[in-house]
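Enquirer: show me how the following folds:
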Amino acid sequence: MTQHGNGRRAAARVGIDVGGTFTDFVLRTDGEGPGRRAVHHKEPSTPHDPALAVARGLRALLAEAGLDAADLAGITHGTTIGLNAIIQRRGARIALAVTEGYRDILEIGRSRMPSSFDLHAAREEPLVPRDRVVEIPARLDPGGAPARVPDDAELARAAERLAATGADAAALVVLHGHTDPAFEAGLAARLAPLLPGLPLVSSAAVWPEVREYERALVACLNAYIQPLMSRYFDRLEELLAEIGVRAPVYIAASNGGSLSLAAARERPIETVLSGPAAGVTAATRLGAAAGTERIITFDMGGTSSDIAVAVGGEPEFATRTTIGGLPLVLPVVAVGAIGAGGGSVVRVDEHGVLKVGPESAGADPGPVSYGRGGGRPTVTDCYLTTGVIGAGTFLGGRMPLDAAAARDALAAVAAGSGLPGESRDGVDGALRAADGALRIATAGMAVELQKTLAQRGLDPAEFTLVPFGGAGPTHAALLAEEVGVADILIPAAAATFCAAGAAEADLRRDFARSLRRPLDAEGAARLGDILADLAAQARAWLDGQGGEPAAEPVLTRAADMSYVGQAHEIRVPVTAGDGAPLAADALAEAFHAEHERLYGFRDTGAPIRIGTARLAITAPRPVAPAAPVPPGGGRPAPLGHRTVLLRGESVRAARFDRAALGAGDTLAGPAIVEQTDTTVLVPPGWTAAVDPTGNLRLTRTRP
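Expert: Numbering: from 1, shown residues only. Now for the predicted structure:
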């Protein structure tokens, strides 16, 4: 049992991130000095039963930490199970009840999707086929007044048609339902007894925002993954109970916060981007602690690579994103996929062109070098073949790799792509294929990253790259050189960083309600009333999360506004507190100022419209500062050297053990820094230095 110096038990929290290849764990205690600890663990994922890897890894983590399950104060779990179900279209069989005349709401969608200019773009198939859409005689007018209310006989007929679809779950959407969420909730309550065993979710209860198609889609997505997620949560609770866990379990959310397991069961759609979001919030905290407030996060795992941007110490949020080709209008940390992961397959297409991804070998069978039956080489096999990672030091030596098998697989790729197989200056076909694949992967990532930054008017040279995930530190310098970033900050335990972010995730939920009114005295008053109502809902939600005592909550208010006639709105902070009257003039000036900042002009004579009121509640978890690491000797001696092929050139790289590096230690590239969960590549022209808390900072010294 870990204890503080005064004898009080140290609370231990666990963060878990389930990935496609590995499931990551971080255990942290809140002790002071020796009592403050962080224990990290990686467990191969079990795609057929993801909760099994969670249970196995948690047992190993507790054993390594010398703790019992009873010592845990809380567990926060990030997962992409729901996201993968949406992308792979393996969710539940669902039905949709919708206002009469709107049966084709999902078929029509938005006529400009997915692209107005791509003649080859294919539309995504609707989640609910037309034969499982049932019309009901229910409708609100644009002001929220009931225009049509079904009687009991009409509801009974609708329920009979819904039951006949054979659906596992259903969603309910009423035209203009966002104007009065209670109306849809009442209809759902009347339908529920007529549909025993069929979960029914109201769209306004999930997200009461204007635009019927998007609101209907959010409700359908929630219903689509709810049975799958409920089964997973049941299995998770069962296995955790076998271990003896009695601590509250939280699920990381797409907005960078977390919510209780019960809340996640009800609204699993809020968890679809939970793993990547947790890593971004942790990276933002890390950057702020290191005095770096303009960061690009680079999360490279086994399946894909994701990026996000944080400016001013706050991650960028989006209220509109796309998952599996479908629009999602919930607030999420703005994370974008930019390319391959360590498990991405290296292949030759039908034209003999070398390609990387998008298919991944995953955890089973995994890369060829894992020796689990995989026959197609991956990015990890390329790292091994080029010498970037060592066969005997992978995962701290716990998982030896088969270098010969990786070379043979890459030699076959080289033959298929027409690369010469003979050795020249020690570089044969397998090495050429591996080096070429890494260059291709890097170029693809760079294009997507530069596009993302250009859309925001940002210069990559002004940012620090914060890489994490199992392959992030390995590939970071290659990507940085390609895009012109000269500063890299690598966390001490980068491979389990998303799990660390989950362990520290605040309780958070976002609320919204559209009102679509002119910004005048009456509109400002109505906005104030809605924000007060959302604040009451938020506090009630927080009270229901249970478990650990939370810090004093923080309420953040905003309103989406536009000039009348504009198609889209911009977010404007609202600083008034509960019960304080909102002044229309002050709101108008705040909107004008934000519009001018974004677009370079204001139109003080144009009328303004309030679109949607937004409120977020956050209950911060206490986060102990990182413990300092012992000072080093300045210039550490290498463990040895290894030949590494980088961009077609063989270099002799010094090898270092990161665990042996102390604060203030510096080293110059070319170098390889090995640790139990990842490998850091320091190319020629870069230096690396250890900061006081153990982060490794890479700086480019020459182009």
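Enquirer: chain center to the longest helix seen in the chain: distance?
Expert: Criterion DSSP state H: the longest helix present in the chain is helix 212-243. Distance of helix 212-243 from its chain centroid, counting by CA atoms, centre = their mean, to the nearest Å, is 17 Å.
Enquirer: and stretch 59-69, by the same measure?
Expert: Its chain's C-alpha centre and that of stretch 59-69 lie 27 Å apart, by CA atoms, centre = their mean.
Enquirer: tell me the buried residues in it?
Expert: Using 16 or more other CB atoms under 10 Å as the test for burial, stretch 59-69 gives 59, 61-62, 65, 67, 69. Where you see a C-beta, it was placed from the backbone N, CA and C, and this is true even at glycine.
Enquirer: which other residues reach that stretch?
Expert: For stretch 59-69, contacts defined as CB atoms under 8 Å, 6 or more residues apart in numbering pick out 1-2, 12, 14, 25, 27, 37, 39, 41, 43, 58, 71, 240, 243-247.
Enquirer: excluding chain neighbours, what is closest to Leu236?
Expert: Nearest residue to Leu236, sequence neighbours excluded (CB to CB, 6 or more residues apart in numbering): Ala51, at 4.5 Å.
Enquirer: so after the host helix or strand of that neighbour, what's the next helix or strand?
Expert: Following DSSP states H and E, one finds Ala51 within helix 50-65. Following helix 50-65 in sequence order, the next helix or strand is strand 72-79 (DSSP H and E).
Enquirer: coming back round to it: show residues contacting the helix or strand that comes right after the longest helix of the chain.
Expert: Sequence order places strand 249-252 as the next helix or strand after helix 212-243, per DSSP H and E. Defining contact as CB under 8 Å, 6+ apart, one finds that strand 249-252 is touched by 17, 74-79, 236-237, 240, 258-261, 263-264, 271, 274-275, 277-278, 501-502, 505, 507, 545, 547.
Enquirer: now the helices for the stretch 201-350 of the chain?
Expert: 203-206, 212-243, 261-266, 274-289 (DSSP state H, counting those that start in this stretch).
Enquirer: what are the contacting residues of the helix or strand of the chain with the lowest mean pLDDT?
Expert: Lowest on mean pLDDT, DSSP states H and E among the helices and strands of the chain sits strand 336-340, with a mean of 77. Strand 336-340 is touched from outside by 304-308, 356-358, 379, 441, 444-445, 448-449, 452, with contacts defined as CB under 8 Å, 6+ apart.
Enquirer: ok, Ala512 touching Pro208?
Expert: Yes: using CB atoms under 8 Å, Ala512 is in contact with Pro208, at 6.7 Å.
Enquirer: okay, now the domains of this structure?
Expert: 12-80, 89-229, 278-340+457-503, 344-439, 507-619, 640-700 (automatic domain parsing).
Enquirer: what's the first-to-last distance across the fifth one?
Expert: Between the opening and closing residues of domain 507-619 there is a gap of 5 Å (CA to CA, to the nearest Å).
Enquirer: what mean pLDDT would you report for that domain?
Expert: The predicted model gives domain 507-619 an average pLDDT of 89.
Enquirer: in stretch 588-595, what counts as buried?
Expert: Quick answer for stretch 588-595 (16+ other CB under 10 Å): 588, 590-592, 594-595.
Enquirer: what does stretch 690-703 give?
Expert: Buried residues in stretch 690-703 (16+ other CB under 10 Å): 690-691, 693-698, 700.
Enquirer: check those and tell me the two furthest apart.
Expert: Longest distance between any two of the buried residues of stretch 690-703 is 22.2 Å, between Thr693 and Arg700; criterion CB to CB.
Enquirer: Gly633: what secondary structure?
Expert: coil (DSSP: H, G, I helix; E, B strand; the rest coil).
Enquirer: give me the phi and psi for it.
Expert: Gly633 adopts backbone torsions of phi -90, psi 0, taken as degrees, to the nearest 10.
Enquirer: returning to that earlier point: tell me which of the buried residues of stretch 588-595 fall in strands.
Expert: Residues of the buried residues of stretch 588-595 located in strands (DSSP state E): none.
Enquirer: which one of those sits closest to Ala476?
Expert: The shortest approach to Ala476 among those belongs to Glu594, at 34.3 Å (CB to CB).
Enquirer: roughly how far does that closest one sit from Ala524?
Expert: Look at Glu594 and Ala524: by CB to CB, to the nearest Å, they are 16 Å apart.
Enquirer: which residue is nearest the middle of the protein?
Expert: By CA atoms, centre = their mean, the chain has its centre lying nearest to Pro276, at 2.4 Å.
Enquirer: need the contact list for it.
Expert: Contacts for Pro276 (CB under 8 Å, 6+ apart) come out as 80, 299, 306, 308, 333, 335, 498.
Enquirer: which two from those residues end up farthest apart in space?
Expert: Maximum distance among the contacts of Pro276 (CB to CB): 15.3 Å, for Thr80 and Ala308.
Enquirer: tell me which of those two has more neighbours.
Expert: Ala308 (27 against 22; other CB atoms under 10 Å).
Enquirer: thought that one was touching Thr281?
Expert: No: counting by CB under 8 Å, Ala308 does not reach Thr281; the two are 9.5 Å apart.
Enquirer: mutual contacts of the two, please.
Expert: 315, 333.
Enquirer: once you drop chain neighbours, what's closest to Leu667?
Expert: Excluding the flanking residues, the one nearest Leu667 by CB to CB, 6+ apart is Ala688, at 5.3 Å.
Enquirer: surely that neighbour touches Gly664?
Expert: No: in this structure Ala688 lies outside contact range of Gly664 using CB under 8 Å: 12.0 Å.
Enquirer: neighbour count winner among the two?
Expert: Set side by side, Ala688 and Gly664 show more neighbours around Ala688, with 24 against 16, by other CB under 10 Å.
Enquirer: where's that one, which helix or strand?
Expert: Here Ala688, judged by DSSP H and E, is contained in strand 686-690.
Enquirer: return the list of helices and strands in contact with that strand.
Expert: strand 666-668, strand 696-700 (3 or more CB pairs under 8 Å, 6 or more residues apart in numbering; DSSP states H and E).
Enquirer: any idea what Lys355 is bridged to?
Expert: For Lys355, the beta-bridge partners are Arg347 (DSSP bridges).
Enquirer: count of neighbours near it?
Expert: Lys355, neighbours per other CB under 10 Å, totals 20.
Enquirer: how near is it to Ala340?
Expert: For Lys355, the distance to Ala340 equals 10 Å [CB to CB].
Enquirer: same deal with Ala538?
Expert: 40 Å.
Enquirer: ok, Gly313 next?
Expert: From Gly313 to Ala340 the distance is 30 Å (CB to CB).
Enquirer: and Gly634, what's its pLDDT?
Expert: 80.
Enquirer: now for it, how many residues are close by?
Expert: By other CB under 10 Å, the burial measure for Gly634, its neighbour count, is 9.
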